[in-house]
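Student: test case, fold it:
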Amino acid sequence: MTERLLDQKTLRRAFELLAKSLRRRGVVGEVHIFGGAAMVLAFNSRESTRDVDAVFAPDTQVLDAAHEVAVEMRLPKSWLNNQASSYVSGVAGRGTPVFDHPNLRVMVTPIEHLLAMKVRAARAVRDADDVRVLLRELKLTKVAQVKKIVEKYFAGEPLSARSLALIEEVLGE
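Tutor: Model prediction:
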């Protein structure tokens with residue numbers, strides 16, 4: 001069985017159903033997305049993503065509602081997950097709203113934070129394409145500019161050789 005990819009339309013439908021499920025539970029949820037879903041929803045730079053990497057609150061209620069959505073839409077149980085939350089900076093900030101409902105607010109992490117996360121992950125082709133888009137959006141052209149942004153979010157955590165090579169390759173330095 002092939003994995004169902006989440007395009008913008010599917011993501012928005014899933015968030016609508018998530019909001020309805022939260023309303024039935026009497027819960028107001030907040031979801032902060034990053035990764036591929038952020039690239040799909042905020043930058044239209046990808047057709048789709050495999051899942052939605054996020055941090056959300058209240059954890060248990062949002063996760064229970066997300067599992068209900070998974071069943072209804074025939075999505076993987078982990079379509080919305082917090083598995084990459086350990087990579088999020090504690091100073092990320094609130095971000096840009098991409099879905100707003102009385103029972104659910106979905107925000108994309110700030111663009112500089114997303115860039116810092118992508119640079120640190122430095123996963124070959126997948127992150128290189130996203131880094132190119134983010135650098136263009138931020139109008140950054142120098143490795144030093146990127147290093148400064150990464151330091152802002154991940155102070156005292158030096159970039160790996162792989163991360164530096166990625167930045168240099170993408171910027172052509």
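
Student: quick one: least confident helix or strand in this structure?
Tutor: Ranked by mean pLDDT, DSSP states H and E, the weakest helix or strand in the chain is helix 124-138, scoring a mean of 91.

Student: identify each buried residue in the helix or strand immediately after it in the chain, please.
Tutor: Using DSSP states H and E, the helix or strand that directly follows helix 124-138 along the chain is helix 143-153. Residues of helix 143-153 classed as buried: V146, K147, I149, V150, Y153 (neighbour count, 16 or more other CB atoms under 10 Å). Glycine gets a C-beta too; all of them are placed from N, C-alpha and C.

Student: measure the last one to G90 for me?
Tutor: Which is Y153. Remark: distance between Y153 and G90 (CB to CB, to the nearest Å) = 9 Å.

Student: what of the fourth one?
Tutor: Counting by CB to CB, the separation of V150 from G90 is 14 Å.

Student: give me the distance from stretch 91-110 to the chain's centre.
Tutor: Centroid separation for stretch 91-110 versus its chain: 11 Å, with CA atoms, centre = their mean, to the nearest Å.

Student: from start to finish, how long is it in a straight line?
Tutor: By CA to CA, to the nearest Å, the extent of stretch 91-110 from end to end equals 10 Å.

Student: list the contacts for the nearest residue to E173 once chain neighbours are set aside?
Tutor: Among residues not flanking E173 along the chain, V143 sits closest, at 5.6 Å (CB to CB, 6 or more residues apart in numbering). Residues in contact with V143 (CB atoms under 8 Å, 6 or more residues apart in numbering) are L164, I167, E168, L171, E173.
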